[in-house]
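Trainee: Provide a 3D model corresponding to the input given below.
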Amino acid sequence: MTTQPEPPTPARPLRPLPSFWTMVVALLAVAVNLRVTMTSIPPLIDTISAALGLSHAMAGVLTALPVLCMGLFAPLASRLAHRLGAVLIVLCSAVAILLGTIARGFGDNVALLYLGTFVAGVGIAIAGTLLPQLVKTFFPPERVGLVTGLYMAGMLGGATLASAVAVPLADRLGSWQGSLGSWAILAALGVVVWAPFTLRANPHHIRGEAGPGGLPWRSLTAWTVAVYLALQSWCFYSSIAWFAPTYVEHGWSKAGAGYLLAAFTTAQIISGLLGPALSDRFRDMRVLLLISAALGIIGCFGVYLAPLAAPWVWAFVIGLGQGSAFSLGLVLLVRYARTPGASARLSGMGFLVCYSLASLGPLAMGALRDRLGTLTLTWLILGLIGIVQCLVALRLRPGLAKVS
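Mentor: Residues are numbered from 1 along each chain as shown. Coordinates of the predicted model:
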């Protein structure tokens, strides 16, 4: 007598996903924290350097370290997401940002300042890598550009707020440590808003779905995207680190230079929102990529040749160019991938290459300032890098093979 196998137990029904806008709000609550760690430092960097006895190069590490983390830990994100679900890993990343930010509030201890920056940087790296995958997973293809633009706007909105109020917060709270630590409130908000979304969305992850795979090192498309991201990110993070100090060097107050940096990041919000939204209408993104690079080049040469002629114009033009170039780079990670899993692998490789190289930007520019005593030459170098960025963008034609 043969025994019939028992029928499989029906899978527990999945709860429906939250509404479109509920998911967007959750995405924004995390995204708004992804650049605060970096942009809350530059307006205070001379104060921090003087208080702790740091060289300009070592002070530049405070901006470079999160960027380096974004390169080194990006490949880990895909594997963690494969095992535990991307939504849950983003929650863990938000908690890491919160803990790192709290540690920075005790920054009079040099070790804690750098350790907190590192821990927050790891959280930023993993969350930033997985967000493009989640956009491709949970949102319809025709809304990818819009959603990418919205979370870019949130990310740069947090950056703008941090740069604008860093000095006033330090004055109000009585210390630069208090200014850095106060951003734990925003980080806690990200954790609180994302946690309920995790309960609803993470069960939709299926263990083993798509597999973690290897990074697409043999893909010409992946390398082209990675090199574009590296050049753009070198300019982006070097500008964030040294734009405000450049104008302090030219006689501006620290608070005034912080407001100028806020104008820079406000422009990034505008173009960061418009760039991905416009990309939905362009099959060939090279037009948008070249316009973005050209704006950045014009602004950098403006700061180099005539910094005091039109500082607000230069801030806005560079911000427009770099904001759109960065956000369009995130669209490339979705557009040139066949599946959400492929998008995560492409993001892992792209971020490993680009952020490992881009992290050297703030450090190298700081070392150049130590050597020459001025930041003037920085803007010539960034303008020339922008020209190379244009040449790479020309290779990102629509017919490139997608990453599998």
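Trainee: contacts, neighbours, all on C-alpha from now
Mentor: Fine.
Trainee: now the helices for the stretch 201-350 of the chain?
Mentor: Counting by DSSP state H, counting those that start in this stretch, the stretch 201-350 of the chain has helices at residues 220-249, 254-279, 286-305, 311-335, 340-358.
Trainee: hmm, residue 330 is touching residue 132, no?
Mentor: Yes: contact status for residue 330 versus residue 132: in contact at 7.0 Å, counting by C-alpha atoms under 8 Å.
Trainee: joint contacts of the two?
Mentor: Common contacts of residue 330 and residue 132 (C-alpha atoms under 8 Å, 6 or more residues apart in numbering): residue 148.
Trainee: list the helices and strands whichever strand or helix holds residue 100 packs on?
Mentor: Element membership of residue 100 [criterion: DSSP states H and E] is helix 86-104. Judged by 3 or more C-alpha pairs under 8 Å, 6 or more residues apart in numbering; DSSP states H and E, helix 86-104 is in contact with helix 74-84, helix 110-138, helix 176-181, helix 184-201.
Trainee: and the second one, what's buried?
Mentor: The neighbour-count criterion (16 or more other C-alpha atoms under 10 Å) identifies 112-138 as the buried residues of helix 110-138.
Trainee: before we move on, what about the last one?
Mentor: Of the residues in helix 184-201, 184, 186-195, 197-198, 201 count as buried by neighbour count, 16+ other C-alpha under 10 Å.
Trainee: for that helix, what is the average pLDDT?
Mentor: Per-residue pLDDT over helix 184-201 has a mean of 89.
Trainee: tell me what angle it forms with helix 86-104.
Mentor: Put simply, helix 184-201 runs at 170 degrees to helix 86-104, going by axes from the mean of the first three to the mean of the last three C-alpha atoms, to 10 degrees.
Trainee: and helix 184-201, what does it pack onto?
Mentor: Here helix 184-201 touches helix 20-31, helix 86-104, going by 3+ C-alpha pairs under 8 Å, 6+ apart.
Trainee: name the residues that touch that helix?
Mentor: Here helix 184-201 makes contact (C-alpha under 8 Å, 6+ apart) with 15-18, 23, 26-27, 29-30, 32-33, 87-88, 91, 94-95, 97-99, 101-102.
Trainee: angle of the helix holding residue 100 against helix 20-31?
Mentor: Counting by the same axes, to 10 degrees, helix 86-104 points 40 degrees away from the direction of helix 20-31.
Trainee: in this structure, which segments are predicted with low confidence?
Mentor: Within the chain, the segments meeting pLDDT under 70 span 1-16, 202-213.
Trainee: coming back round to it: now for the helices and strands packed on helix 86-104, which one comes closest to residue 65?
Mentor: With C-alpha to C-alpha as the measure, helix 110-138 is the member of the helices and strands packed on helix 86-104 nearest residue 65 (6.4 Å).
Trainee: that's a strand at residue 54, yeah?
Mentor: No: judged by DSSP: H, G, I helix; E, B strand; the rest coil, residue 54 forms no part of a strand; its state is coil.
Trainee: list the contacts for it?
Mentor: For residue 54, the contact set (C-alpha under 8 Å, 6+ apart) comprises residue 48.
Trainee: got the phi and psi for it?
Mentor: phi -90, psi 140 (degrees, to the nearest 10).
Trainee: next: residue 403.
Mentor: The phi/psi pair for residue 403 (degrees, to the nearest 10) is phi -80, psi 130.
Trainee: name the nearest residue to it, sequence neighbours excluded.
Mentor: In space, and not counting its chain neighbours, residue 403 is closest to residue 337: 4.7 Å by C-alpha to C-alpha, 6 or more residues apart in numbering.
Trainee: go ahead and confirm the one you found touches residue 402.
Mentor: Yes: at 5.2 Å, residue 337 and residue 402 qualify as touching, with contact defined as C-alpha under 8 Å.
Trainee: higher neighbour count, the two?
Mentor: Ranked by neighbour count (other C-alpha atoms under 10 Å), residue 337 and residue 402 place residue 337 first, with 23 against 19.
Trainee: please report how far that one lies from residue 353.
Mentor: 17 Å (C-alpha to C-alpha, to the nearest Å).
Trainee: quick one, what contacts residue 270?
Mentor: Residue 270 makes contact with 153, 320, 323 under the criterion C-alpha under 8 Å, 6+ apart.
Trainee: buried among those residues? Make that a ChimeraX selection.
Mentor: In ChimeraX, this line selects whichever of the contacts of residue 270 come out buried by 16+ other C-alpha under 10 Å:
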select :153,320,323
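Trainee: coming back round to it: any chance of the helices and strands packed on helix 86-104 in CSV, with distance to residue 395 too?
Mentor: Output for those, formatted as CSV (distance: least, C-alpha to C-alpha, whole Å):
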stretch, distance to residue 395
helix 74-84, 24
helix 110-138, 22
helix 176-181, 41
helix 184-201, 37
